[in-house]
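Trainee: Below is the sequence, then the predicted model.
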Amino acid sequence: MLDTFKNVFRIPDLRKKVLFTLLIIFIYRIGGHIPTPGINSGVLAEFWSQSRNNLFGLYDMFVGGAFGKATVFAMGVMPYISASIIIQLLATVFPYFHKLQREGGEGRKKITQYTRYGTVLLSFVQAVGVSVFLQSIVSPTTGQHAVLPAISGPIFTFVTAISLTTGTIFIMWLGEQITNKGIGNGISFIIFIGIVDRLPTAVFGEIQQVAAGTRNAFVEILVLGIIFLMTAFIVLVTQATRRIPIQTPKKVVGTKMYAGQNTVLPLRVNMAGVIPIIFASSLMFLPSMLKNFFPESQVMEDFTNLFLPGRPVHDVLYALLIVFFTYFYTAIIFNPMDIADNLKKSGGFVPGIRPGKKTAEFLDTVLSRITLPGSFFLAFVAVVPFLIMGAFNVTFYFGGTSVLIVVGVALDTLQQLEYHLQMHNYEGFLKKGRLRGRRTY
């Protein structure tokens with residue numbers, strides 16, 4: 001493995017890509033420590049140390065801890081991901097966007113442009129909500145506000161909205177630079193770095209608590225065992241596929257005859273990736289966000305408490321939303337009729353199934369069956385960590401969502417490194433086959 005990493009830096013083109021990616025990561029991490037103007041960092045740190053809202057902990061994990069510090073990168077790339085998902089949804093409703101998806105390079109350019117416009121709009125709206133949330137934070141011990149009085153009010157809202165929107169746009173640009181000139185999918189890689197960046201701090205904090213006697217060593221070992229098993233389970237399901245056999249007949253091109261081929265169409269059990277969890281998490285944020293607009297309402301306080309992580313209403317609704325969005329998003333990204341038409345045009349067919357409509361119905365049936373365990377898998381890895389954190393009083397956020405993202409991005413990045421190494425006749429990371437390509441968020 002060490003020799004393989006050395007080979008990465010022996011290839012000039014690959015070395016430039018890796019070093020460029022590391023430079024972008026360095027810039028991103030610097031921006032994650034630049035605070036938003038007017039923030040009282042002491043009050044904010046006290047608030048988060050006493051808060052048990054793990055939904056905000058999940059969001060803070062996605063942005064590498066920038067949300068908890070209220071930095072200019074507090075919203076990360078989440079508005080960009082939301083805008084991308086909205087554009088994909090529009091393609092299923094409006095023929096114009098569906099046409100753009102079929103136009104190739106020019107269509108993708110227009111879709112990218114619309115996604116950027118949507119990112120700016122969503123970033124500004126969310127930044128206004130974040131400013132309202134920050135102004136509602138008050139220290140229970142000193143009575144000080146998280147926002148300095150000299151800048152609070154409309155001025156703070158305007159400054160915060162501009163700062164956070166600009167930060168999100170800059171992160172979006174950094175991600176595009178990684179995709180174009182670096183290694184891996186840029187947007188996914190930025191989320192990956194945010195998750196991994198917090199890991200050493202969390203581990204060191206747990207070691208300190210065990211050494212100080214405030215945390216039981218047996219409980220700590222048990223939690224680590226659960227994390228290890230969950231990681232193995234996620235890797236197993238992430239790689240699981242249903243392989244549909246495909247046959248292509250003999251072809252005569254000019255004076256040459258080409259023999260038929262037997263291939264497979266792999267359908268992943270978890271085809272939707274982590275997107276359903278992001279969808280569901282966004283909806284579960286709504287009660288907490290609405291509460292900020294009615295700080296004195298006891299009815300709203302009681303209503304919001306029902307949706308706190310670990311409560312039965314939250315966990316059941318969260319799981320149901322994930323199952324629903326898994327089917328919903330899978331139906332958007334995979335169209336059995338398009339696959340069946342493409343197979344028919346190329347002369348391919350599924351053995352025992354008629355080409356055309358019957359093939360589409362067969363693929364739809366198979367996809368529906370494998371999506372059910374995939375949706376249950378996503379619901380499990382999203383809900384169970386909340387229960388574990390409550391049962392063992394874990395002080396840092398961990399969960400299957402983060403592991404799911406880390407595994408996906410790691411596989412995608414290793415695949416690209418493997419490709420470059422194989423192109424230059426170097427031994428890759430995998431000796432028995434290559435990683436299958438996959439796109440992650």
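Mentor: Happy to help now that I have it. Predicted model, so just to flag it, every value in this text is computed and none were measured.
Trainee: So what touches stretch 143-155?
Mentor: By Cβ atoms under 8 Å, 6 or more residues apart in numbering, the surrounding residues in contact with stretch 143-155 are 37-40, 42-44, 47, 70, 134-135, 137-139, 156, 159. Every C-beta, even on glycine, is put in place using the N, C-alpha and C of the backbone.
Trainee: List the buried residues for it?
Mentor: 145-147, 152 (16 or more other Cβ atoms under 10 Å).
Trainee: likewise stretch 367-375?
Mentor: Using 16+ other Cβ under 10 Å as the burial criterion, the residues of stretch 367-375 that qualify are 367, 370-371, 374-375.
Trainee: Would you indicate which residues of the helix or strand in which residue 383 is found are buried?
Mentor: Using DSSP states H and E, the element containing residue 383 is helix 357-392. When neighbours are counted by 16+ other Cβ under 10 Å, the buried residues of helix 357-392 are found to be 359-360, 362-364, 366-367, 370-371, 374-375, 377-386, 388-389.
Trainee: ditto for stretch 107-115
Mentor: Judged by neighbour count (16+ other Cβ under 10 Å), stretch 107-115 contains these buried residues: 111, 114-115.
Trainee: Low-confidence stretches in this structure?
Mentor: Along the chain, segments meeting pLDDT under 70 span 1-5, 50-58, 104, 250-260, 288-289, 291-295, 390, 393-400, 424-441.
Trainee: Quickly list the domain ranges of it.
Mentor: The chain breaks down into these domains under automatic domain parsing: 1-187, 216-398.
Trainee: For those, could you give me CSV that also reports distance to residue 414?
Mentor: Formatted as CSV, those follow (distance: least, Cβ to Cβ, whole Å):
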stretch, distance to residue 414
domain 1-187, 9
domain 216-398, 13
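Trainee: Of those, which is nearest residue 418?
Mentor: Nearest to residue 418, of all the domains of the chain, is domain 1-187, at 9.5 Å by Cβ to Cβ.
Trainee: Narrow the contacts of stretch 143-155 to those in helices?
Mentor: Among the contacts of stretch 143-155, DSSP state H puts 42-44, 47, 134-135, 156, 159 in helices.
Trainee: want to try a markdown table for those residues, with distance to residue 247 as columns?
Mentor: Formatted as a markdown table, the ones in helices among the contacts of stretch 143-155 follow (distance: Cβ to Cβ, whole Å):
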| residue | distance to residue 247 |
| --- | --- |
| 42 | 68 |
| 43 | 67 |
| 44 | 62 |
| 47 | 62 |
| 134 | 60 |
| 135 | 64 |
| 156 | 65 |
| 159 | 63 |
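Trainee: Only the buried subset of those residues, as a PyMOL command please.
Mentor: Entered in PyMOL, the line below selects the buried ones among these, by 16+ other Cβ under 10 Å:
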select buried, resi 43+44+47+134+135+156+159
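Trainee: out of the ones in helices among the contacts of stretch 143-155, which one sits closest to residue 167?
Mentor: Using Cβ to Cβ, the ones in helices among the contacts of stretch 143-155 come closest to residue 167 at residue 159, 12.3 Å.
Trainee: Now do the same contact list for the nearest residue to the closest one once chain neighbours are set aside.
Mentor: Distances taken as Cβ to Cβ, 6 or more residues apart in numbering place residue 37 nearest to residue 159, at 5.4 Å, with adjacent residues excluded. Each residue near residue 37 by Cβ under 8 Å, 6+ apart is listed here: 151, 159-160, 163.
Trainee: go again using 7 Å as the cut-off
Mentor: 151, 159, 163 (Cβ atoms under 7 Å, 6 or more residues apart in numbering).
Trainee: quick one: it and residue 168, what's the gap?
Mentor: Remark: distance between residue 37 and residue 168 (Cβ to Cβ, to the nearest Å) = 16 Å.
Trainee: what's the answer for residue 202, then?
Mentor: 25 Å.
Trainee: what about the two, which has more around it?
Mentor: When residue 202 and residue 168 are compared for neighbours, residue 168 comes out ahead with 27 against 14, by other Cβ atoms under 10 Å.
Trainee: Mind listing residues that contact stretch 188-203?
Mentor: 25, 28-29, 61-65, 76-77, 171, 174-175, 178, 396, 402, 405-406, 409, 412, 440-441.
Trainee: And the strands in the chain, which stretches?
Mentor: According to DSSP state E, the chain carries its strands in the segments 241-248, 251-253, 256-258, 261-268.
Trainee: Adjacent strands (with direction) for the last one?
Mentor: Next to strand 261-268 in the sheet, as set by DSSP bridges, lie strand 241-248 (antiparallel).
Trainee: Now the strand it pairs with: buried residues?
Mentor: 241, 244, 246, 248.
Trainee: Reformat the buried residues of stretch 143-155 into JSON lines and put distance to residue 105 next to each item.
Mentor: Shown next, in JSON lines, are these (distance: Cβ to Cβ, whole Å):
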{"residue": "145", "distance to residue 105": "51"}
{"residue": "146", "distance to residue 105": "47"}
{"residue": "147", "distance to residue 105": "46"}
{"residue": "152", "distance to residue 105": "48"}
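Trainee: among those, which are in helices?
Mentor: Among the buried residues of stretch 143-155, no member falls in helices (DSSP H).
Trainee: out of these, which one sits closest to residue 227?
Mentor: Of all those, residue 227 sits closest to residue 146, with 32.1 Å by Cβ to Cβ.
Trainee: Look up how far residue 248 lies from that closest one.
Mentor: Here residue 146 is placed at a distance of 63 Å from residue 248 (Cβ to Cβ).
Trainee: Near residue 191, how many other residues are there?
Mentor: By other Cβ under 10 Å, neighbour count at residue 191 equals 27.
Trainee: Please tell me how far it sits from residue 338.
Mentor: Taking Cβ to Cβ, one finds residue 191 at 29 Å from residue 338.
Trainee: returning to what we had before: which of the contacts of stretch 188-203 fall in helices?
Mentor: Among those, DSSP H puts 25, 28-29, 61-62, 171, 174-175, 178, 402, 405-406, 409, 412 in helices.
Trainee: Dump the strands of the chain to TSV, plus distance to residue 299.
Mentor: Listed next are these as TSV, based on distance: least, Cβ to Cβ, whole Å:
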stretch	distance to residue 299
strand 241-248	48
strand 251-253	70
strand 256-258	72
strand 261-268	44
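Trainee: of those strands, which approaches residue 122 most closely?
Mentor: Nearest to residue 122, of all these, is strand 261-268, at 28.3 Å by Cβ to Cβ.
Trainee: ok, which stretches of the stretch 151-300 of the chain are helices?
Mentor: 154-181, 186-212, 217-239, 275-284, 286-293, 298-305 (DSSP state H, counting those that start in this stretch).
Trainee: now the angle from the fourth one to helix 357-392?
Mentor: So the one you mean is helix 275-284. Computed by axes from the mean of the first three to the mean of the last three Cα atoms, to 10 degrees, the angle separating helix 275-284 from helix 357-392 equals 60 degrees.
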